[in-house]
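Asker: Fold the following for me, if possible:
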Amino acid sequence: MDHKRSGMQSKRITLGLFIFYLIALTWIIIFKAQLSFESLPHIRNINLIPFSEPVIINGKPYLKEIFLNVLAFIPLGLFIHVLWEQKSLLIRILPIISTSLLFEAIQYTFAIGASDITDVISNSLGGIIGVIIAVVLSKISSKNWIKIINILSLIGAVLSSLFFAILIFANL
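Answerer: Now for the predicted structure:
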């Protein structure tokens with residue numbers, strides 16, 4: 001019974017870290033890490049051709065943005081796997097794709113960024129990689145994998161909070 005209680009406590013911690021992550025991700029993707037609404041770009045553009053124009057700069061592929069999108073969504077996959085580990089793989093992947101689509105739709109609707117299918121693909125890939133990492137961790141360390149994810153997520157939350165604080169103080 002104590003192990004079950006410990007698992008529930010770990011999942012509550014995961015849920016809190018997940019909420020923090022979603023707030024930070026929303027600020028980064030929707031609000032472009034800006035501190036004022038006036039600083040947001042006023043763009044309403046949609047690109048439905050994967051890996052085309054917005055990713056090509058001076059005739060060369062600009063892979064940094066794709067890489068950063070993949071990286072930004074890996075935690076989403078980790079959290080979804082922890083919180084929904086009993087669900088099927090498809091049920092764990094759908095919220096990842098849906099979250100990315102929602103972010104792109106919000107950007108288009110409010111004209112605060114270009115909506116791009118490449119972003120949906122790279123974000124979804126990042127989330128799927130996160131699920132895969134969580135599955136592998138759960139196989140390697142069947143007892144402590146949630147704790148490992150929580151510790152890494154807490155470190156990420158602290159570092160990103162420090163980054164956000166520095167950004168805010170630098171812009172005062």
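Asker: which parts of the longest helix along the chain are buried?
Answerer: Within the chain, and with DSSP state H defining each element, the longest helix by residue count is helix 2-29. Neighbour-count burial for helix 2-29, counted by 16 or more other CB atoms under 10 Å, picks out 10, 11, 13, 14, 17, 18, 20, 21, 24, 25, 28, 29. Backbone N, C-alpha and C define where each C-beta goes, glycine included.
Asker: Pipe those residues into JSON lines and attach pLDDT per row.
Answerer: Output for those, formatted as JSON lines (pLDDT from 0 to 100):
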{"residue": "10", "pLDDT": "86"}
{"residue": "11", "pLDDT": "89"}
{"residue": "13", "pLDDT": "94"}
{"residue": "14", "pLDDT": "95"}
{"residue": "17", "pLDDT": "96"}
{"residue": "18", "pLDDT": "97"}
{"residue": "20", "pLDDT": "95"}
{"residue": "21", "pLDDT": "96"}
{"residue": "24", "pLDDT": "94"}
{"residue": "25", "pLDDT": "95"}
{"residue": "28", "pLDDT": "88"}
{"residue": "29", "pLDDT": "89"}
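Asker: Burial check on residue 165, number of neighbours?
Answerer: 10 (other CB atoms under 10 Å).
Asker: what separates it from residue 159, distance-wise?
Answerer: 11 Å (CB to CB, to the nearest Å).
Asker: cool, residue 96 as well?
Answerer: Counting by CB to CB - residue 96 and residue 159 are separated by 23 Å.
Asker: need the helices for the chain, in chain order.
Answerer: 2-29, 63-83, 89-109, 117-140, 145-170.
Asker: would you list these in a markdown table and tack on distance to residue 42?
Answerer: Below are these laid out as a markdown table (distance: least, CB to CB, whole Å):
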| stretch | distance to residue 42 |
| --- | --- |
| helix 2-29 | 16 |
| helix 63-83 | 20 |
| helix 89-109 | 11 |
| helix 117-140 | 18 |
| helix 145-170 | 22 |
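Asker: Out of those, which is closest to residue 49?
Answerer: Ranking the helices of the chain by proximity to residue 49 (CB to CB) places helix 117-140 first, at 7.0 Å.
Asker: Can you tell me the closest non-neighbouring residue to residue 135?
Answerer: Sequence neighbours aside, residue 81 is the residue nearest to residue 135 in space, at 6.5 Å (criterion: CB to CB, 6 or more residues apart in numbering).
Asker: returning to that earlier point: which neighbouring elements make contact with the longest helix of the chain?
Answerer: For helix 2-29, the packing partners by 3 or more CB pairs under 8 Å, 6 or more residues apart in numbering; DSSP states H and E come out as helix 63-83, helix 89-109, helix 145-170.
Asker: The same query, at a cut-off of 7 Å, please.
Answerer: Here helix 2-29 touches helix 63-83, helix 145-170, going by 3 or more CB pairs under 7 Å, 6 or more residues apart in numbering; DSSP states H and E.
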